[in-house]
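A.B. asks: Sequence and predicted structure are below.
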Amino acid sequence: MSDRDPEPKNPLSPYYPSEVPNVPGDGRTWFAVLAVFTLLLGAVYAFLTLFLPP
């Protein structure tokens, strides 16, 4: 939030639901991206551990 934005109405919450930044996609899309990233990272880690000495 910049200096020109009005003060939030609730001092305990920095954002109201109407003030939350809009992120494209939905929860399923972000979960799928996270799952694929985790699986790829695990595969890369397993591949790299094959070449490290015991």
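C.D. replies: Now that the structure is in, tell me what you want to look at.

A.B. asks: in this structure, what spans have low per-residue confidence?
C.D. replies: Applying pLDDT under 70 to the chain flags the ranges 1-21.

A.B. asks: can you rerun that using 90?
C.D. replies: In the prediction, the chain carries residues with pLDDT under 90 at positions 1-30, 51-54.

A.B. asks: hey, where'd the helices end up in it?
C.D. replies: Under the criterion DSSP state H, the chain contains helices at 27-49.

A.B. asks: Would you mind measuring from residue 45 to residue 23?
C.D. replies: Using CB to CB, to the nearest Å, one obtains 28 Å as the distance from residue 45 to residue 23. Where you see a C-beta, it was placed from the backbone N, CA and C, and this is true even at glycine.

A.B. asks: Check residue 50 too.
C.D. replies: 37 Å.

A.B. asks: next one: residue 32
C.D. replies: In this structure, residue 32 and residue 23 are 15 Å apart, going by CB to CB.

A.B. asks: Who has more neighbours out of the two?
C.D. replies: The residue with more neighbours, out of residue 32 and residue 23 and counting by other CB atoms under 10 Å, is residue 32; that gives 11 against 8.

A.B. asks: For the more buried one, list the residues it contacts.
C.D. replies: The neighbours of residue 32, taking CB atoms under 8 Å, 6 or more residues apart in numbering as the test, come to nothing; the list is empty.

A.B. asks: what does residue 26 give?
C.D. replies: Residue 26 makes contact with no residue, according to CB under 8 Å, 6+ apart.

A.B. asks: Since that was my last question, I'll sign off now.
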